[in-house]
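>>> generate coordinates for the sequence data below:
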Amino acid sequence: MTKLASILVAACLAVAGPAWAGQEPQPGPTTPPQGLPPIEQGPPSPEPPPQTEVYIDRQDQWAGRLGVQGPLGAAASLTLYHGLGADVRQGDGSVKAVCAAPLAVCAGGFLVEASAGTGGGKVSLGLGARARVDEEDFRGTVGVGLKASLARTWGNPIGTEPDLTYLGPELDLSILRVDVTLGVLWRVSGQGGKSALFGWGLGFGL
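Model (predicted):
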């Protein structure tokens, strides 16, 4: 298209040039000259990429989970990620992420979780990040969390006795709605049972 416009401008200047000099232009042939190569047009310009929209603000994300945890047994968990969130959209895809950490860049966020099961209950406080991805090649969640957990056993706990309290660090990893928890819990109150437990969990995110 640019080449075609340049040729048209050059032709107009060539015809108008003698008139500007006080000369009348000579009549040209009524038929186009023969033997000139045809004017070629370039390939169509590609479509521009879809515009990327980014929104950043304080945000809360809730995550639920059903699964099995040690020592809680069959359990359900509810987690709150509070911090700085980012909502990125491009075309039909989107990513909603939140950084939940006690840092200025994460708006002084945090992670808090509550779990209850057939063998006990647990509350956790820590930091983490979570993202919900909706792309053509990946649809699901990814996340990580580091937390301090306080567990109280009852009923039929896994690997220990009821009426005991445990405290320790745990690490959460999640991808494609599959959540895995690993950690170590030490007994801080109660008699009997194990003095230390391997904390673990395997669940399905809701």
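
>>> roughly how far apart are the spatially closest residue to residue 90 that is not a sequence neighbour and residue 77?
Leaving aside its chain neighbours, residue 90 sits nearest to residue 52 (4.5 Å; criterion: C-beta to C-beta, 6 or more residues apart in numbering). From N, CA and C alone the C-beta is placed, and that goes for glycine too. Going from residue 52 to residue 77 by C-beta to C-beta, to the nearest Å gives 34 Å.

>>> neighbour count winner among the two?
Set side by side, residue 52 and residue 77 show more neighbours around residue 77, with 25 against 10, by other C-beta atoms under 10 Å.

>>> could you point out which element follows the helix or strand hosting that one?
In this assignment (DSSP states H and E), residue 77 forms part of strand 73-90. Counting by DSSP H and E, the next helix or strand C-terminal to strand 73-90 is strand 93-100.

>>> just checking: what are the partner strands of the helix or strand following that next one?
Next helix or strand after strand 93-100 toward the C-terminus (DSSP H and E): strand 110-117. With DSSP bridges as the test, strand 110-117 is paired with strand 73-90 (antiparallel), strand 120-134 (antiparallel).

>>> residues of strand 110-117 that come out buried?
110-111, 113, 115, 117 (16 or more other C-beta atoms under 10 Å).

>>> and those residues, which is closest to residue 138?
Nearest to residue 138 among the buried residues of strand 110-117 is residue 111, at 23.2 Å by C-beta to C-beta.

>>> hmm, the closest one is touching residue 144, no?
No - contact criterion C-beta atoms under 8 Å: residue 111 and residue 144 do not qualify, at 10.0 Å.

>>> joint contacts of the two?
residue 128 (C-beta atoms under 8 Å, 6 or more residues apart in numbering).

>>> who's in contact with residue 135?
Per C-beta under 8 Å, 6+ apart, neighbours of residue 135: 93, 95.

>>> one more pass at 10 Å, please.
Contact analysis of residue 135 by C-beta atoms under 10 Å, 6 or more residues apart in numbering lists 90-95.

>>> give me the buried entries from the residues you listed.
93, 95.

>>> rebuild the contacts of residue 135 as CSV, extending it with pLDDT.
Below are the contacts of residue 135 laid out as CSV (pLDDT from 0 to 100):
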residue, pLDDT
90, 85
91, 81
92, 82
93, 87
94, 90
95, 91
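
>>> before we move on, the earlier item: between the buried residues of strand 110-117, which sits nearest residue 185?
residue 115 (12.6 Å).

>>> quick one: which of the buried residues of strand 110-117 is nearest residue 154?
residue 117 (9.3 Å).

>>> before we move on, back to that, the residue nearest to residue 90 contacts residue 88, doesn't it?
Yes - with contact defined as C-beta atoms under 10 Å, residue 52 reaches residue 88; the gap is 6.9 Å.

>>> measure stretch 69-77 end to end?
10 Å (C-alpha to C-alpha, to the nearest Å).

>>> same question but for stretch 104-117, I mixed them up
35 Å.

>>> where does pLDDT dip in this structure?
1-50 (pLDDT under 70).

>>> on that earlier part again, let me know the angle separating the strand holding residue 77 from strand 93-100.
Taking axes from the mean of the first three to the mean of the last three C-alpha atoms, to 10 degrees, one finds strand 73-90 and strand 93-100 inclined to each other by 120 degrees.
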